[in-house]
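# Sequence plus predicted model, see below.
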Amino acid sequence: MQLAGTQFTNTSALAGNDVATFPDFPAEIRAPRGTKAGVSGFQIHFSSHDIYTPGDTVDALVAMNPAALITNLGDLRDGGILICNESAFDKKGLAQAGYATSPLEDGSLEKKFKLHKVDMTKLTRTAVDGLGLSQKEADRCRNFFAMGLVFWLYDRSLDPTMRFIEDKFGKKPEVAEANRRALTAGYNYGETVEAINTQYHVGKAELPPGTYRNIMGNTALAWGLVAAAHLSGRRLFLGAYPITPASDILHELAKHKHFDVLTFQAEDEIAAVTATIGASFAGEMAVTASSGPGIALKGEALGLAVMTELPMIVINVQRGGPSTGLPTKTEQADLFQAMYGRNGECPMPVIAAASPADCFDVAQEAWRIAVEHMLPVFLLTDGYIANGSEPWRLPEVASLKPTKVKYAEPLANGDGSNGETFLPYERNERLSRPWARPGTPTLMHRVGGLEKQDITGNVSYDPANHQHMIETRAKKVELIADNIPPQKVDGPESGDLLVVSWGGPYGACATAVHAAQAAGKAVAHCHLRYLNPFPKNLEQVLRSYKRVLVAELNCGQLRSILRDKFLLDAAGLNKVQGKPFQVGEILERINTELAS
Amino acid sequence: MSVESLPVLKPNDFASDQDVRWCPGCGDYAILAQMKKVLPDLGVPRENIVFISGIGCSSRFPYYMNTYGMHSIHGRAPAVATGLKTVRPDLQVWVITGDGDGLSIGGNHLMHAIRRNMDLNIILFNNRIYGLTKGQYSPTSLLGAKTKSTPMGAIDNPLNPLSIVIGAEGTFVARTIDTNLKHMGAVLKRAAEHSGTSFVEVYQNCNVFNDGAWDYAKDRDTKEDTTLELEHGKPMIFGKNRDKGIRLNGMDPEVVQLGKGITEDDLLFHDERAPEPSLAYLLTRMRHQDGFPEPIGVFRAIESPRYDELINDQIEQAKASKGPGDLEKLFTSGDTWVVE
């Protein structure tokens, strides 16, 4: 089903629509088919105008079995199109989903929706007859039949999917042919059967001129890292341990070895981050990517990264927690973990991506901050952004800004035995220390997790030095605020309400705020990329509105930080259901806030 | 630059400006001194050497070496070294660890570093005790060892470091003793010269919390009877009078007295290059408390593919087949469309 969704997305993007997707699948690899636990869904929103979310309710739902129907029927708007695979609504299928009687037969669905019962199993088997496929193999083509039918419904070209089938199954000609036939049969079914009498045409969206492709968040993130390393002229090292939903970053980077990308699948999360520290000490671009539980394991090592003041990127593709939580579902509940989740006074800069395509830019920004300020940077995304996709306007390579890496130069005069001594913790105006690459004569030095004496970097237990170093490390993070753009808002510069968001809810908040603005409300949207430190003008921005509403998929973590920092009476819109915000629920809250 | 023009370094050139702060009488001093003595002979410039350690008394080692170094966190030195060596195969990387650091909290990393066979030199200081945390039992403390955390005696079976290393596919496995300076120097040198992960266990005395743990192997009066110096291609003979040997009886080693019908030819001959590690493993199992001399020297030294070479070979192969990375090509790969 994920494959069908991806194909429909790419086809729609190629047709010039703006698209946004929401894949929703179980954590279990092979959850029993037909059960509610095994439902794998893919929601796509495509439009002739620009969109920011996969949509709240759907206009059309294809249910391949009763369990899928019962799980997703609530998302279908009244009067929407409902296509059901009739043959799956047999006794067993109904029982697995918990239906006493078939909803296809009792008339309940017809009352609310435009119901189309299609015996996809039988039609698919007939379509692939004669190719020598087993029944099981034939039934695997059902999704292509369903896809063909939806392609007809929305007037999509079959060509991109035909190309995909050739690429993917070309080595098994009979499977490729079966999928082609199933796809075509589904399309022809829609065209021929009079029951479905409306075909929809969604025209091209008015996107800014340029060359586009459809891109998923994890892919965009990986490409951003590749671009950053390439433009800096550095090798890219990724230390990672497989974890949902971050593993695709490892998979993607492993494909780009010709960019001097070294991916290290470590024995555990701790080895992944400590190897990353080793690669950074060696003088290369070092990154580790994980999700909440993995980041928890990395905590101690991140303290070492902070103490040694080495540049690296720590990616957390957030998922539902705590503990193993909801591995395949989205959440934003690791902000506190990124901010505070280490022993001692251990601040780290934190930035977050807003959308799948934004991951490309944020990856490069994380590297810029890491190098210019010599410290580890937290980069937060979430499952919703990581697996979701949207059109991405390809940047001109020449327009990308390289981050210049400057290593410490060898001393003119010796290494300490005869005069000049290298001082690994001597600081510049940003309080950042030199990056001295092993292999450079005269710069031999030792770093470690014990408290450092300022300037020399030697081990020091001096009480005053410890306080000084703690304050210095904190100040160093604060100074990043001088090196990031001021916070902008979308909407009036002052007014009744400011909706504040960070990370994945960007799209839902932007859409809701636009709707409120269209209704004449004095509402603006402030989306934060920089979470630590905040942009310098943030307090002033927040105080320009009568009320502040912070929308986030956690119990109010950003809101707590804003209140703590600015003594600001911000309200929270919080949701922890493993699902992204719907535009409607944000808009409703905006209206409530404005009415009270 | 020709080799001749390299400056000749002395042990003192490898000393950092930091005061060494181990307890007076600690076995670590001897290891530090031997390391400084061996490094100048290797012809590797100081700036190309990196020492990585974890946590523990032994792990203070990098602070005392005038090379690049990192005193990392408990147990993780092999992983830090792995990242470093992966991106910079040109550096000579040493990992300094102890029995607690390497075998307890860091056991997982040690195992995986060894199986990857990167060109690392891992030196494990074994003193059978936690010294830095002041006297708890370690994974190599003997059954019954009375320590601060085991007042009635340790009840978990000790690990044998070298058995673990062989189980983890170690390609260079050696043991030496802190007071046997000449032997230690030779073993460290061979470890450095080995291509792949070298693992050296050093019997090291903690004179504060576990004094005398290795006396049987160090004492002038007993050491020749309690240790067996391994030499490649030579029969396994030991004893003050060089009159005892190790013979294989079925699958088990046994101590035999030479003479009375038993000649050198009946003994086990040491083959450090044997592709199968069975005999090397057997040697690691010979323990003093079971009446065996404990072998010192090189148990095993074989050639095997190295992770650091293989990963960088793949990079070169990818560049050769796809051409060097090109962002434009990357961005436009797959389906794209143009908006006018």
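All right, it came through fine.
# contacts and neighbour counts: CA atoms only from here.
OK.
# Which parts of the stretch 351-500 of chain A are strands?
Secondary structure of the stretch 351-500 of chain A (DSSP state E, counting those that start in this stretch): strands located at A:376-382, A:389-393, A:446-448, A:495-502.
# ok, and which of these has the densest surroundings?
Each of the strands of the stretch 351-500 of chain A was scored by mean neighbour count; the highest is strand A:376-382, a mean of 30, by mean count of other Cα atoms under 10 Å in any protein chain shown.
# picking that back up, which one of the strands of the stretch 351-500 of chain A lies nearest to residue A:171?
Residue A:171 lies closest, by Cα to Cα, to one member of the strands of the stretch 351-500 of chain A: strand A:389-393, at 28.4 Å.
# can you list contacts of the closest one?
With contacts defined as Cα atoms under 8 Å, 6 or more residues apart in numbering or on different chains, strand A:389-393 is touched by A:13, A:18-22, A:210-217, A:356-357.
# same check, this time on stretch A:401-412
Outside stretch A:401-412, the residues that touch it by Cα under 8 Å, 6+ apart are A:228, A:231-232, A:367-368, A:371, A:420-422, A:434-437, A:440-443.
# Around residue 89, how many other residues sit close by?
Just so you know, I chose chain A. Neighbour count of residue A:89, defined by other Cα atoms under 10 Å in any protein chain shown: 24.
# Wait, chain B was what I had in mind.
17.
# okay but it is in contact with residue B:309, surely?
Yes. Taking Cα atoms under 8 Å as the definition, residue B:89 is a contact partner of residue B:309 at 7.5 Å.
# Domains of chain A: list them as residue ranges, please.
Listed by automatic domain parsing, the domain ranges of chain A are A:2-192, A:217-399, A:406-483, A:495-595.
# Show me where the stretch 101-250 of chain B has its strands.
Ranges of strands in the stretch 101-250 of chain B, per DSSP E, counting those that start in this stretch, are B:120-126, B:172-177, B:198-203, B:227-229, B:237-238, B:244-249.
# Tell me which of the ones you listed sits nearest to chain A.
Minimum separation from chain A across the strands of the stretch 101-250 of chain B (Cα to the nearest Cα) falls at strand B:120-126, 13.2 Å.
# Now do that closest one, average pLDDT.
Throughout strand B:120-126, pLDDT has a mean value of 98.
# same deal with stretch A:223-239?
Computed over stretch A:223-239, the average pLDDT equals 98.
# tell me which parts of the stretch 451-596 of chain A are close to chain B?
By Cα under 8 Å from any Cα of the partner chain, no residue of the stretch 451-596 of chain A approaches chain B.
# For the stretch 451-596 of chain A, which residue gets nearest to chain B?
residue A:458 (8.1 Å).
# number of nearby residues for that residue?
A count of neighbours around residue A:458, defined by other Cα under 10 Å, yields 21.
# Next up, the contacts around it.
Taking Cα under 8 Å, 6+ apart as the criterion, residue A:458 is in contact with A:446-447, A:452.
# ok, residues contacting the lengthiest helix in chain A?
Ranked by residue count, the top helix of chain A under DSSP state H comes out as helix A:173-192. Applying Cα under 8 Å, 6+ apart, the external contacts of helix A:173-192 come out as A:123-124, A:127-128, A:131-133, A:138, A:141-142, A:144-153, A:162, A:165-166, A:169-170, A:196.
# same thing but at 6 Å, please
A:124, A:127-128, A:141, A:144-146, A:148-149, A:152, A:165, A:169 (Cα atoms under 6 Å, 6 or more residues apart in numbering or on different chains).
# Could you do stretch B:84-102 as well?
For stretch B:84-102, contacts defined as Cα under 6 Å, 6+ apart pick out A:278-279, A:282, B:48-53, B:59, B:74-75, B:120-126, B:138, B:308.
# Distance from that stretch to the middle of the chain?
Mean C-alpha position of stretch B:84-102 versus that of the full chain (Cα atoms, centre = their mean, to the nearest Å) differs by 11 Å.
# Give me the distance between the two termini of it.
Stretch B:84-102 has an end-to-end distance of 18 Å (Cα to Cα, to the nearest Å).
# buried ones in that stretch?
Using 16 or more other Cα atoms under 10 Å in any protein chain shown as the test for burial, stretch B:84-102 gives B:84-89, B:91-102.
# Tell me which of the domains of chain A sits most buried.
It is domain A:217-399: most buried of these by mean count of other Cα under 10 Å, with a mean of 24.
# hang on, the earlier thing: out of the contacts of strand A:389-393, list just those in helices.
Those of the contacts of strand A:389-393 lying in helices (DSSP H): A:13, A:217.
# Could you double-check that residue A:352 lies in contact with residue A:380?
Yes. In this structure residue A:352 lies within contact range of residue A:380 using Cα atoms under 6 Å: 4.5 Å.
# Show the backbone phi and psi for the closest residue to residue A:474 other than its chain neighbours.
Once flanking residues are discounted, residue A:474 sits nearest to residue A:347: 6.1 Å by Cα to Cα, 6 or more residues apart in numbering or on different chains. Residue A:347 adopts backbone torsions of phi -70, psi 140, taken as degrees, to the nearest 10.
# Look up how far chain B lies from residue A:347.
As defined by Cα to the nearest Cα, to the nearest Å, residue A:347 lies at a distance of 18 Å from chain B.
# per-residue pLDDT, that residue?
pLDDT, residue A:347: 98.
# And for residue A:418?
Confidence score, pLDDT, at residue A:418: 59.
# what do you get for residue A:40?
What the model reports for residue A:40 is a pLDDT of 88.
# for it, what are its contacts?
residue A:25.
# if I look at it, how far off is residue A:102?
Residue A:40 is 21 Å from residue A:102, by Cα to Cα.
# who's in contact with stretch B:284-303?
The set of residues external to stretch B:284-303 that reach it, using Cα under 6 Å, 6+ apart, is B:162-163, B:171-176, B:226-230, B:272-273, B:280.
# Perfect, that will be all.
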